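K.L.:
sequence unknown, structure follows:
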């Protein structure tokens, strides 16, 4: 049971073009109280490191070099966004509705191993952060500066859906794909309840 792992390879730009570098892989496996997210990625060191302490949340981390994973419940449009930086900073957001951040900079246990041209990250995502009935997923990566900035997606916007002048947008929830956590946990598994998301439901009542 412990060895089951889902693996995803990000090998397109956000708008569906093939990449010219080694792709990023993201693995998900069972952790003691949630999911372990493992990242294996090329290290571009561009832009330079954020001026924040490694191991701590960093606001607007998406302006730097990052790998991101989004876990969505498509019925409620509630989702968890996890951003990991090769320099050790992270940003965890909970969103209720498209782009509507409800909680941010949540604590995260995250370790990075960085080599000259690649990096590996391990983040422990507690079930408490996952919205009820999480069933969709997408992953992204960003690096480069200025005109050279590159936005990548596991499930890109399909080419026929692109509009002229469209900018990269990671919150196109309609293009996320199924995430079958029971495949990882077993058919009888039920997603543990989250006090955090429950408190939102109480606020809305």
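P.N.:
Nice, thanks for sending it over. In this text the structure is predicted, and so the values were computed from the model without any measurement.

K.L.:
from the contact counts, what lies against the one helix or strand residue 202 maps to?
P.N.:
Applying DSSP states H and E as the criterion places residue 202 in helix 195-204. Helices and strands touching helix 195-204, by 3 or more CB pairs under 8 Å, 6 or more residues apart in numbering; DSSP states H and E, are strand 90-96. All C-beta atoms are positioned from the backbone trio N, CA, C, and that covers glycine.

K.L.:
which residues are contacting the strand it packs on?
P.N.:
55-59, 61-62, 76-84, 101-108, 110, 123, 129, 131, 196-197, 200 (CB atoms under 8 Å, 6 or more residues apart in numbering).

K.L.:
which of these count as buried?
P.N.:
57-58, 61-62, 77-84, 103, 106, 108, 110, 123, 129, 131, 196-197, 200 (16 or more other CB atoms under 10 Å).

K.L.:
show the pLDDT at the spatially most central residue of the chain.
P.N.:
Nearest to the mean C-alpha position of the chain, by CA atoms, centre = their mean, lies residue 69 at 1.1 Å. pLDDT, residue 69: 98.

K.L.:
got the contact list for it?
P.N.:
Contacts of residue 69 by CB under 8 Å, 6+ apart are 26, 37, 81-82, 137-140.

K.L.:
report the inter-axis angle for the one helix or strand it maps to versus strand 90-96.
P.N.:
Element membership for residue 69, per DSSP H and E: strand 66-73. Calculated by axes from the mean of the first three to the mean of the last three CA atoms, to 10 degrees, strand 66-73 forms an angle of 30 degrees with strand 90-96.
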